[in-house]
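**Q** test case, fold it:
(chains A, B, C and D)
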Number of protein chains: 2
Amino acid sequence: MKKKRRSRLPRAQRMQEIMQVAAQVFRDKGYSEALTAQIAARAGVVEGTIYRYFPGKRELLIRVVEQWYERILADYDQQLKRLQGTRARLRFMIWRHLTVIHNDPGMCRLIFNQLRAWPEYRRTTVFDLTREYTRRTLEILQQAIDSGEFRADLPLRVVRDMIYGGVEHHTWVYLRGEGDFSPDAAADAMTEMVYRGLAHALPAAPAEVALRRLEAVASRLEHSAGSATV
Amino acid sequence: MKKKRRSRLPRAQRMQEIMQVAAQVFRDKGYSEALTAQIAARAGVVEGTIYRYFPGKRELLIRVVEQWYERILADYDQQLKRLQGTRARLRFMIWRHLTVIHNDPGMCRLIFNQLRAWPEYRRTTVFDLTREYTRRTLEILQQAIDSGEFRADLPLRVVRDMIYGGVEHHTWVYLRGEGDFSPDAAADAMTEMVYRGLAHALPAAPAEVALRRLEAVASRLEHSAGSATV
DNA sequence: AACCATGATGAGCACTACTCACTAATGAAG
DNA sequence: CTTCATTAGTGAGTAGTGCTCATCATGGTT
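**A** Okay, the predicted model is just below:
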């Protein structure tokens, strides 16, 4: 005698429950192996119910990823603001990305393999937020150039691509569940690589370069003094 | 009265025809949008015929990509052997990868988004060949280290990841059909970046040492100021 | 207690990869 | 040339999956 309990939840709550279950099923099975029937079953509803809240399976994944991503990036800015100096800030951006992947490979796999390949990707907040944060990396590099710490003869876009692409490439084996990696070690190496690639070359130290760097030092000292008094 | 002409081709030839058609349909539509029915229709056979030659749609894509990839890499070695010097050889590896993507974005999208995410990927010759050629890049780097041209204090794997990951990241917008890129310009920038990142630093001039110490002083002040305010 | 907006249902549809019993083209043997 | 075995090719049909929609019933409101 299987009497179905039909609990009637408020819209937002039911939506949340479905998304939470969906997130886990997507993580475990991957997008195409995750069945709407299974998501529905685990959420304690019938398949049709899902479609009352989401236009389709794709949109469901998008919403799930968006929510996850927003949470991930919540305290990003505060942590970054606390850090001083190009090297520390750069390393943080790299290390953070590596760590996110290390902590939730299932979700990252969904983003890398599915979401990013879809045409809807561009109108996703994941797209916007990603742009925002890669732009932040570009800013760090640009500031280092402005202060004379970095040379300006390499296109920063390419440097950014080597950073983010390098991170992903480095984590692939792990993402396929066939190995591990150290976010710390990788972050150190990549930061060092970028730093050396962009720092001013040593051989010729013309007066102009020396002056620029002296000015940068002076500016930093002024800044330090200012923040110290405040 | 449409009497179907049933031409009976030798196994190898029919297989080739199907693969050729499949390659184009996959390129145009992407994996999941490409229908076996459409591939069959364009190849002038019936759907069931495809399954006489391939175990399934996935395996069909795998075979298609394998054949394409083998052709792509055919003259790789000869071109590389002709080049002398770390910089030229390194640039060639990068430039070549960029150019392959630029020339056949549809096929590369299939590899990046589909094939590489499947569990079968490891038993693919695409996997083996890719390993082989990224290993070749590592060899170039290692040789430069052995000859004293490069320093040995960075993990080469990470450098390789920044190269190949950087290439892919750089070509994304293009792969989504929303822009273009220059293989030459990107190859130049990336080569330069790697070169600077790994080349030995020249002995520092006295002025340089003085600047370094000034910068260190600034850094210390910043730190004490920062910890004071916090 | 009556009402009704709306959360939830579940049978069924459309589509697609894949199967299999069967058909006939081809080339060799008699 | 005829016969026959081999096997390329067929196409109707199946299973599984995302998705729809007419209908039910629940829980807050009046």
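
**Q** quick check, pLDDT for whichever residue of chain A sits closest to DNA strand C.
**A** In chain A, the residue found nearest to DNA strand C is residue A:48; the distance is 2.0 Å by C-beta to the nearest atom of the strand. No exception for glycine: its C-beta is placed from N, CA and C like everyone else's. Predicted confidence (pLDDT) at residue A:48: the value is 97.

**Q** ok, it to residue B:102 distance?
**A** Here the distance between residue A:48 and residue B:102 works out to 46 Å (C-beta to C-beta, to the nearest Å).

**Q** so which of these two has more stuff around it?
**A** residue B:102 (17 against 9; other C-beta atoms under 10 Å in any protein chain shown).

**Q** which parts of chain A sit against DNA strand D?
**A** A:6-8, A:32, A:34-37, A:47-48, A:51-52, A:55-58 (C-beta under 7 Å from any atom of the strand).

**Q** who's in contact with the residue nearest to the spatial centre of chain A?
**A** Central residue check for chain A by C-alpha atoms, centre = their mean: the C-alpha nearest the mean position is that of residue A:97, 5.1 Å away. Contacts for residue A:97 (C-beta atoms under 8 Å, 6 or more residues apart in numbering or on different chains) come out as A:164, A:167.

**Q** secondary structure element holding it?
**A** Assignment of secondary structure by DSSP states H and E places residue A:97 within helix A:86-103.

**Q** buried residues, that helix. List them.
**A** Residues of helix A:86-103 classed as buried by neighbour count (16 or more other C-beta atoms under 10 Å in any protein chain shown): A:86-87, A:89-98, A:100-102.

**Q** pull the distance from it to the chain's centre.
**A** 9 Å (C-alpha atoms, centre = their mean, to the nearest Å).

**Q** name the helices or strands packed onto the helix or strand hosting residue A:68?
**A** Under DSSP H and E, the secondary-structure element containing residue A:68 is helix A:57-72. Of the remaining helices and strands, those touching helix A:57-72 by 3 or more C-beta pairs under 8 Å, 6 or more residues apart in numbering or on different chains; DSSP states H and E are helix A:11-29, helix A:125-146.

**Q** what residues does chain A put near DNA strand C?
**A** That would be A:4, A:6-11, A:14, A:44-49, A:52, which are the residues of chain A within reach of DNA strand C (C-beta under 7 Å from any atom of the strand).

**Q** which residue, other than its chain neighbours, is closest to residue A:98?
**A** Excluding the flanking residues, the one nearest residue A:98 by C-beta to C-beta, 6 or more residues apart in numbering or on different chains is residue A:183, at 3.8 Å.

**Q** what's the neighbour count on the one you found?
**A** 20.

**Q** specify the local secondary structure of residue A:7.
**A** Secondary structure for residue A:7, judged by DSSP: H, G, I helix; E, B strand; the rest coil, is coil.

**Q** I'd like to know how far the nearest residue to residue A:112 once chain neighbours are set aside sits from residue B:146.
**A** Leaving aside its chain neighbours, residue A:112 sits nearest to residue A:168 (6.6 Å; criterion: C-beta to C-beta, 6+ apart). Distance, residue A:168 to residue B:146, by C-beta to C-beta: 29 Å.

**Q** looking at the two, which one has more neighbours?
**A** Counting neighbours by other C-beta under 10 Å for residue A:168 and for residue B:146 shows that residue A:168 has the greater number, 20 against 10.

**Q** model confidence score at the more buried one, please.
**A** For residue A:168, the pLDDT comes out at 98.

**Q** distance of it relative to DNA strand D?
**A** Applying C-beta to the nearest atom of the strand, to the nearest Å, one obtains 26 Å for the distance of residue A:168 from DNA strand D.

**Q** hmm, residue B:166 and that residue touching each other?
**A** No: distance between residue A:168 and residue B:166: 9.9 Å, which falls outside the contact criterion (C-beta atoms under 8 Å).

**Q** ok so, going back, which strands and helices sit next to the helix or strand following the helix holding residue A:68?
**A** Remark: after helix A:57-72, the chain's next helix or strand is helix A:76-81, criterion DSSP H and E. Using 3+ C-beta pairs under 8 Å, 6+ apart as the contact definition, the elements that helix A:76-81 packs against are helix A:86-103.

**Q** just want the angle from the helix it packs on to helix A:125-146.
**A** Between helix A:86-103 and helix A:125-146, the angle comes out at 160 degrees (axes from the mean of the first three to the mean of the last three C-alpha atoms, to 10 degrees).

**Q** downstream of helix A:86-103, the next helix or strand is which one?
**A** Past helix A:86-103, further along toward the C-terminus, the next helix or strand under DSSP H and E is helix A:105-109.

**Q** is chain B within reach of that following helix?
**A** Yes: for a cut-off given as C-beta under 8 Å from any C-beta of the partner chain, helix A:105-109 has contacts with chain B, namely residue A:109.

**Q** what residues does that helix touch?
**A** Defining contact as C-beta under 8 Å, 6+ apart, one finds that helix A:105-109 is touched by A:23, A:26-28, A:30, A:65, A:68, A:100-101, A:171, A:174-175, A:177, B:117.

**Q** just those now: which is nearest residue B:154?
**A** The nearest member of these to residue B:154, counting by C-beta to C-beta, is residue A:171 at 17.9 Å.

**Q** low pLDDT regions in chain A?
**A** Screening chain A residue by residue with the criterion pLDDT under 70, one finds the ranges A:1-5, A:201-230.

**Q** tell me the domain ranges of it?
**A** If the domains of chain A are taken from automatic domain parsing, they occupy A:11-54, A:73-199, A:202-230, with pieces of a single domain joined by a plus sign.

**Q** pick the most deeply packed of those domains.
**A** For the domains of chain A, ranked by mean neighbour count under the definition mean count of other C-beta atoms under 10 Å in any protein chain shown, the leader is domain A:73-199 at a mean of 18.

**Q** max pairwise distance over the residues of chain A next to DNA strand D: which two?
**A** The widest separation within the residues of chain A next to DNA strand D, taken as C-beta to C-beta, falls between A:8 and A:32 and amounts to 32.1 Å.

**Q** tell me the contacts of residue A:175?
**A** For residue A:175, the contacting residues are A:101, A:105, A:108-109, A:112, by C-beta under 8 Å, 6+ apart.
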